[in-house]
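Asks: here are the coordinates; sequence isn't available:
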């Protein structure tokens, strides 16, 4: 019998499979799309994510990131990473690196999709395969999470993300976050002649209609061609629990607050490690507590920042406050990385 069946072959699923293989578990990944898979994301790996990938012996190539910079039309705050650097990495490059590592470890990645599960006291069966446990790494809109009744409603206004690449040489070694009344535009250096721009907003507008809200950024981009636009959202996903019998949620499927602090990959890698440790110990219920402990800072700080962001009084004051308290801003940046 397979020890761990992984539904979803994105970064969270592949990282889970790699952890499982390194722990001596027999694991299989089911993914309907061929690698490498692209999707809308900021593509900035925080130092913790770079460190976690190195621990898995997953080499990635990109542009070093030394800190986070917030800007609005009059203010600028910068928090530098105190220890290791982060890295701007194309999503497809990251996915290809994880796929290669999984292949090196002999993890089969089968073309297929889990649409339903049947579980009893000893096993779970999905897509014609039987395993001891199933890791649901099927993304932000996780069909398995919904099918298992683990999703919670969220009446708050939705936020969405749109991402495009531009053939522009990076002008900074920071991830720049440009703030405006319409949302935030993330600029991630990805290579010597390429940057990624991701806009987070509550408005359902085309990418080109959002850019004029960021005039300091717009004038750097207008003369350069961009790639196709990729979108994602609604981003916030509330989840009742990460464990349902022998099914454990990981990555975005386990719950998501917002891309505002750019930690999606870090949290996926951390969750994957805890999931495999709990499965290997035969204590799947411990995963819920481990996930909550590991994501506590992210949930508190990112949740507070998003609430402040959408508050009409507090939102416009975020960048000015970060400018006036640089030590606190740097401490918060490093707390989340």
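Replies: Looks like it arrived, so ask away. Just so you know, these numbers come straight off a predicted model, no measurement behind them.

Asks: the stretch 1-150 of the chain: helices as residue ranges?
Replies: With DSSP state H, counting those that start in this stretch, the ranges of helices along the stretch 1-150 of the chain come out as 11-22, 47-55, 91-104, 143-147.

Asks: point out the most buried one among those helices.
Replies: Across these, the average number of neighbours (mean count of other Cβ atoms under 10 Å) peaks for helix 11-22, which reaches a mean of 27. Using the backbone N, CA and C atoms, a C-beta is placed for each residue, glycine as well.

Asks: re earlier: so which of the helices of the stretch 1-150 of the chain comes closest to residue 272?
Replies: Among those, the nearest to residue 272 by Cβ to Cβ is helix 11-22 (4.1 Å).

Asks: what packs against the closest one?
Replies: Helices and strands touching helix 11-22, by 3 or more Cβ pairs under 8 Å, 6 or more residues apart in numbering; DSSP states H and E, are strand 2-7, strand 27-30, helix 91-104, helix 264-280.

Asks: need those in a markdown table with mean pLDDT and distance to residue 135, can you?
Replies: Converted to a markdown table, the helices and strands packed on helix 11-22 look like this (pLDDT from 0 to 100; distance: least, Cβ to Cβ, whole Å):
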| stretch | mean pLDDT | distance to residue 135 |
| --- | --- | --- |
| strand 2-7 | 98 | 5 |
| strand 27-30 | 98 | 9 |
| helix 91-104 | 97 | 13 |
| helix 264-280 | 95 | 6 |
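
Asks: output the helices of the stretch 1-150 of the chain in JSON lines, with distance to residue 70 appended to each entry.
Replies: Listed next are those as JSON lines, based on distance: least, Cβ to Cβ, whole Å:
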{"stretch": "helix 11-22", "distance to residue 70": "26"}
{"stretch": "helix 47-55", "distance to residue 70": "18"}
{"stretch": "helix 91-104", "distance to residue 70": "24"}
{"stretch": "helix 143-147", "distance to residue 70": "33"}
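
Asks: out of these, the one nearest residue 39 is which?
Replies: Across the helices of the stretch 1-150 of the chain, the minimum distance to residue 39, taken as Cβ to Cβ, is reached by helix 91-104, at 6.0 Å.

Asks: the closest one vs helix 47-55, what angle?
Replies: 30 degrees (axes from the mean of the first three to the mean of the last three Cα atoms, to 10 degrees).

Asks: tell me what angle helix 91-104 forms with helix 264-280.
Replies: Counting by the same axes, to 10 degrees, helix 91-104 lies at 20 degrees to helix 264-280.

Asks: give me the contact list for helix 91-104.
Replies: Residues external to helix 91-104 that are found in contact with it (Cβ atoms under 8 Å, 6 or more residues apart in numbering): 9-11, 14-15, 17-18, 21, 29, 35-39, 41, 43, 45, 53, 56-62, 109, 265.

Asks: likewise stretch 313-321?
Replies: The contact list for stretch 313-321 (Cβ under 8 Å, 6+ apart) reads 70-72, 74-77, 179, 181, 305, 308-309.

Asks: one more: stretch 322-329?
Replies: So stretch 322-329 is contacted by 70, 75-79 (Cβ under 8 Å, 6+ apart).

Asks: I'd like those residues written out as CSV, with distance to residue 124 and pLDDT added.
Replies: Listed next are the contacts of stretch 322-329 as CSV, based on distance: Cβ to Cβ, whole Å; pLDDT from 0 to 100:
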residue, distance to residue 124, pLDDT
70, 45, 96
75, 52, 95
76, 51, 95
77, 48, 96
78, 48, 96
79, 44, 96
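
Asks: buried subset of those?
Replies: The neighbour-count criterion (16 or more other Cβ atoms under 10 Å) marks 70, 75, 77-79 among those as buried.

Asks: those residues in strands, which ones?
Replies: With DSSP state E as the criterion, strands contain 70, 77-79 from among these.

Asks: pLDDT below threshold where in this structure?
Replies: 223-225 (pLDDT under 70).

Asks: next, the angle helix 264-280 makes with the longest helix that it contains.
Replies: Counting by DSSP state H, the longest helix found in the chain is helix 286-310. Orientation of helix 286-310 against helix 264-280 (the same axes, to 10 degrees) gives an angle of 160 degrees.

Asks: next one: the following helix or strand past helix 286-310 to chain centre, how far?
Replies: Remark: after helix 286-310, the chain's next helix or strand is helix 318-324, criterion DSSP states H and E. How far helix 318-324 lies from its chain's middle: 26 Å, per Cα atoms, centre = their mean, to the nearest Å.
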